[in-house]
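Asker: Dropping a prediction and its sequence here:
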Amino acid sequence: MREEARPLRTRERAMKVDLSPVAVIVWAISLLLAMTLASTAVALSGYGIRLNENQILYLFSTSAQVVAAIYGLTLTGFIFFRNELSREENEDETLADAVENLKSRYFRLLVIITFLVTLALLLANLAIAHEGFGELRLNTLILNAGQSAFLTSLVAVAYFVFDVVSPKRIERASRKIQNRVDPGVGTQASGSLEEFLRNYNEIESLLERAGERYQAVSHVTDERRYRRRISNARLAEILLRSERISEALFLLLRDLITLRNSIIHGAEPVVSQTIVEASASVLNQLKAALGVD
């Protein structure tokens with residue numbers, strides 16, 4: 001057990017580098033305020049760079065064009081990348097939870113970037129409109145806040161791009177899902193992975209047999225027939241809608257399906273004893289609900 005604990009802790013430390021959207025918001029606001037206050041303090045102390053009206057107009061018009069162009073390219077690239085994620089999800093049903101987790105994360109990061117870019121553009125317009133009149137200190141604050149927002153936007157876009165193109169994104173998402181579904185892993189006594197998978201395979205077999213009537217049958221040109229298998233999560237939902245299982249049992253099934261899928265896509269091949277016992281309990285409940293001995 002001591003030999004396996006070391007790589008687990010290493011992976012957990014690696015996951016902490018993957019900032020949550022809330023942490024990104026805090027980081028972005030802190031960086032924006034810090035740069036604004038520091039640059040304004042330097043400017044008011046007399047050590048800053050003095051710009052004339054033409055320089056200010058050129059600087060902020062160029063900055064606005066650059067940040068708008070980068071945002072447009074980022075948004076366009078993300079649309080194509082999101083379609084690629086959807087294709088992978090359609091080809092492999094077990095990727096559904098990890099892909100949806102990534103889509104949700106990327107969407108929230110994109111909202112943050114949109115806010116920062118909008119703020120940078122508004123400050124750029126305000127700096128251009130306010131130039132030539134107004135109090136010197138206020139103008140200085142607006143100028144420095146505008147350029148700080150521009151730089152913060154660039155850093156946020158760079159973080160987003162590197163996060164999207166990370167080669168281990170599916171593995172990281174799978175480990176996060178595992179920690180959410182099985183919070184006891186790594187802290188509680190480890191259970192038997194073999195027993196968990198054995199219980200899961202029986203559950204999967206029961207779902208397949210119960211959902212045979214719902215499986216879609218397609219015809220091909222040579223009149224052979226093939227079945228496009230419905231995912232386990234969808235089968236469980238169909239059984240719920242058909243009132244063959246309870247909502248509580250459906251939620252338990254959904255968690256087990258999610259955990260098993262996360263394990264085969266990069267999460268730690270370890271489960272807690274609590275999950276092993278839960279899988280056995282769910283198996284018995286499913287048998288009772290479907291009338292299987």
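Answerer: Structure received. This structure is a prediction, so every number in the text was calculated from the model and none was measured.

Asker: how much space between the residue most central in space within the chain and Leu119?
Answerer: Centroid-nearest residue in the chain, with C-alpha atoms, centre = their mean: Arg105, separated by 2.7 Å. Distance from Arg105 to Leu119, counting by C-beta to C-beta, to the nearest Å: 22 Å. Just so you know, the C-beta spots here come from the backbone N, C-alpha and C atoms, and that holds for glycine as well.

Asker: neighbours around Arg172, how many?
Answerer: Using other C-beta atoms under 10 Å as the criterion, Arg172 is surrounded by 22 other residues.

Asker: Does it belong to a helix, a strand or coil?
Answerer: helix (DSSP: H, G, I helix; E, B strand; the rest coil).

Asker: Hmm, Ser166 and it touching each other?
Answerer: Yes: in this structure Arg172 lies within contact range of Ser166 using C-beta atoms under 8 Å: 7.4 Å.

Asker: Any idea how far apart the tips of stretch 235-249 sit?
Answerer: Its start and end residues considered, stretch 235-249 measures 13 Å (C-alpha to C-alpha, to the nearest Å).

Asker: now that stretch: mean pLDDT?
Answerer: In this model, stretch 235-249 has an average pLDDT of 90.

Asker: With stretch 144-154 instead?
Answerer: The predicted confidence, averaged over stretch 144-154, sits at 94.

Asker: which intervals of the stretch 151-293 of the chain have sub-threshold pLDDT?
Answerer: By pLDDT under 70, the low-scoring segments of the stretch 151-293 of the chain are 186, 214-229, 293.

Asker: Can I take it that Asp18 is in a strand?
Answerer: No: Asp18 is assigned coil when assessed by three-state DSSP, not a strand.

Asker: So it sits against Arg169, correct?
Answerer: No: with contacts defined as C-beta under 8 Å, Asp18 does not count as touching Arg169, sitting 9.1 Å away.

Asker: who has more neighbours, the two?
Answerer: Ranked by neighbour count (other C-beta under 10 Å), Asp18 and Arg169 place Arg169 first, with 20 against 16.

Asker: Scan the chain for its longest helix.
Answerer: Ordering each helix of the chain by length in residues (DSSP state H) puts helix 53-91 first.

Asker: Now do the same for that helix: mean pLDDT, whole number.
Answerer: The model assigns helix 53-91 a mean pLDDT of 89.

Asker: just stretch 129-136 next, same as before
Answerer: Confidence over stretch 129-136 (mean pLDDT, whole number) is 74.

Asker: Pull up the distance across it, start to finish.
Answerer: When the termini of stretch 129-136 are compared using C-alpha to C-alpha, they are 14 Å apart.

Asker: List of residues touching it?
Answerer: Where contact means C-beta atoms under 8 Å, 6 or more residues apart in numbering, the residues beyond stretch 129-136 that reach it are 53, 56-57, 138-139, 142.

Asker: buried sites along that stretch?
Answerer: 130-131 (16 or more other C-beta atoms under 10 Å).

Asker: Check stretch 246-266 too.
Answerer: Of the residues in stretch 246-266, those buried under the neighbour-count criterion (16+ other C-beta under 10 Å) are 249-250, 252-263, 265-266.
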